[in-house]
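Chemist: When you get a sec, could you give me coordinates for this:
(chains A and B)
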Amino acid sequence: MAWELRDKVAIAGIGQTPFTRPGESGRSAFALALEATLDACRDAGVIPGEIDGFVTYGAETTDPYTLAQTLGIESTHYMDRYPGGGESLAGIIHHAAMAIAAGAATTVLAYRSLSGRLIRGSGDIPSAARDNGGFRRSFLAPFGAFVPYQYYAIQARRHMIDYGTTTRQFGAYAVVLNENAQRNPNAIHHGRPITVDDHENSRMIASPYRVYDCTQEADGAGAVLVVSAERAADLRQRPVFLLGAAEGSGPADQMYNQLRHQSRWNTAGLQEVAEVLYQRAELGPGDIDVAQIFETFTGQGIMALEDVGFCERGEGGPFVESGSVSWPDGSVPINTSGGGLAEAYIHGFNILLEAVRQLRGTSTCQVAGAETCLVTSGPSAMPSSALILNR
Amino acid sequence: MPLFGPTMPTPLIDEDTQEFWEACGEHRLVVQRCRVCAHFRFAPAPVCYHCHSFEYEWVESDGVGEVYSWTVTYRAVHPATVDAVPYNTVVVRLFDCGGAMITSNLVDVDNEAIDAGMRVQLWWDDISPGVSLPRFRPVPIDPVG
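Modeler: Predicted coordinates:
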């Protein structure tokens, strides 16, 4: 049975809070989620009581039903969470679209909120205690590997080993995003451009990763409203349509599912998701005008560019270094609001908001005439997801 | 001297991993092999990912392998690692047992000298009575060749 959602649903509203450094907002994630939700409703011209569906990340702390109750929403019909963290970003939009196409809901809110550090240096072992067979707790933690920057550093190192990728190429990726952030007043790195040398001289966190390879943790929330294409036509904003969506995972040859992809540590694990996505959208990588890549770390962003077919496997470093993903002149500008490294880390949700702005023509790094935007979710964490939006 | 502080997490042992850790306590590094299709799997899991048989046996590794990838952690995540930074975490690919990959640490090594393909051998770290962790050290290069 063919995927039948192409052009059937649209994002009709986007909302967000200011993004601040972690802990600086003085507000709970719950309060931030409520503010972003109301902002999305205002943007779309929808009253909160019309929201009848809620989708969010598995890792989200603001419970969907509590959110609905707090907003006085008296009738809800659909709630869902996608497994995991940043992998959820595109997947929840896919789930919202399926619910709408199936007639299960008419107005679905997708949201994500964060306040305080996601990964504290406090001795907690985040989300590790109860994963598959206690794998992280028993087979990684006793050896000093606790958190994503360590796991992902090990994968990035393997990309360097296999393809000769350099830390200066990681730096070039960080510079692209930080340059875009200079035009976005809501980016945490606004007013603070960096050079590749700054990257190379920044504090080492877990080799090969330095501070400027890592995502910028933040307080903040984002929300979008997903409705049918017909309903979107009657709302305030120009609709942004879902052209394709895909989620899932590719093969992993052996049991090693927390330090993922034992057989392919040099990818972001998005290759199979992207293949399905392009087939559903009836497009190829050359048709994408602008892309929002949830990288979490520079090396994973570079691997994701390879996975989605913007360049050949192993060529991601030189591809970035050559300016191919830079705004405005690159062949496919990425992360035009600054992305997770330089705007904020809202578990990727902020890049979805930026995708919508690009297709409305309202980005601070607007790609002229952009008609298609690719959004990819958490790299090297499965099951992941991706989508293509158009206008 | 221990690699990490006294509050360092130790393995949680459950029904699926008990035999593995018991073998470690006896200084035997073992990897599961499916009795039906002979695929190796690591970490321990109840079922074969290839043929879905629950029947398995433990195969003892010689404990020799190579560095597949690694990181050196400079920013301590856990209080037990504050005095250990910078410390290495390596992924070792065993030469036997189907090339099983084990995350561990290298001892007796300069972190700057760690490289892909570096040959390593098993070294048992007895962290408490009955609990030993498989760590590794570089294989000395034989000057004669």
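Chemist: Who are the contact partners of B:Thr71?
Modeler: Counting by Cβ atoms under 8 Å, 6 or more residues apart in numbering or on different chains, B:Thr71 touches A:145, A:150, A:153-154, A:157, A:206-209, B:88-89. In short, each C-beta sits where N, CA and C put it, glycine included.
Chemist: what do you get if the cut-off is 7 Å, keeping everything else the same?
Modeler: Residues near B:Thr71 by Cβ atoms under 7 Å, 6 or more residues apart in numbering or on different chains: A:150, A:153-154, A:157, A:206-207, B:89.
Chemist: Next: A:Glu230.
Modeler: Contacts of A:Glu230 (Cβ under 7 Å, 6+ apart): none.
Chemist: ok, which stretches of chain B are strands?
Modeler: Assigned strands in chain B, in chain order: B:30-34, B:40-41, B:56-60, B:64-73, B:87-94, B:101-104, B:119-128, B:131-138 (criterion: DSSP state E).
Chemist: want to throw these into JSON lines with distance to A:Arg238 and mean pLDDT?
Modeler: Compiled in JSON lines, the strands of chain B are given as follows (distance: least, Cβ to Cβ, whole Å; pLDDT from 0 to 100):
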{"stretch": "strand B:30-34", "distance to A:Arg238": "56", "mean pLDDT": "94"}
{"stretch": "strand B:40-41", "distance to A:Arg238": "52", "mean pLDDT": "90"}
{"stretch": "strand B:56-60", "distance to A:Arg238": "58", "mean pLDDT": "98"}
{"stretch": "strand B:64-73", "distance to A:Arg238": "45", "mean pLDDT": "96"}
{"stretch": "strand B:87-94", "distance to A:Arg238": "49", "mean pLDDT": "96"}
{"stretch": "strand B:101-104", "distance to A:Arg238": "49", "mean pLDDT": "93"}
{"stretch": "strand B:119-128", "distance to A:Arg238": "59", "mean pLDDT": "97"}
{"stretch": "strand B:131-138", "distance to A:Arg238": "59", "mean pLDDT": "97"}
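Chemist: highest average neighbour count across these?
Modeler: strand B:101-104 (a mean of 26; mean count of other Cβ atoms under 10 Å in any protein chain shown).
Chemist: In the sheet, which strands lie alongside that one, parallel or antiparallel?
Modeler: Strand pairing for strand B:101-104, using DSSP bridges, gives strand B:87-94 (antiparallel).
Chemist: and the angle for the strand it pairs with with strand B:119-128?
Modeler: 120 degrees (axes from the mean of the first three to the mean of the last three Cα atoms, to 10 degrees).
Chemist: Between strand B:131-138 and strand B:87-94, find me the angle.
Modeler: Using the same axes, to 10 degrees, the inter-axis angle of strand B:87-94 relative to strand B:131-138 is 90 degrees.
Chemist: Convert the C-alpha atoms of strand B:87-94 to CSV, please.
Modeler: Provided in CSV are the C-alpha atoms of strand B:87-94 (Å, rounded to 0.1, in the frame of the first residue of the first chain):
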residue,chain,number,x,y,z
TYR,B,87,40.9,9.4,30.5
ASN,B,88,40.3,7.2,27.5
THR,B,89,37.3,5.1,26.5
VAL,B,90,38.1,2.7,23.6
VAL,B,91,36.1,0.4,21.5
VAL,B,92,38.1,-2.8,21.0
ARG,B,93,37.3,-5.2,18.2
LEU,B,94,38.3,-8.7,19.2
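Chemist: and A:Phe30, what does it touch?
Modeler: Per Cβ under 7 Å, 6+ apart, neighbours of A:Phe30: A:Thr62.
Chemist: Please identify the buried residues of the host helix or strand of it?
Modeler: Element membership of A:Phe30, judged by DSSP states H and E, is helix A:29-44. Buried residues in helix A:29-44, defined by neighbour count with 16 or more other Cβ atoms under 10 Å in any protein chain shown: A:29-37, A:39-41, A:43-44.
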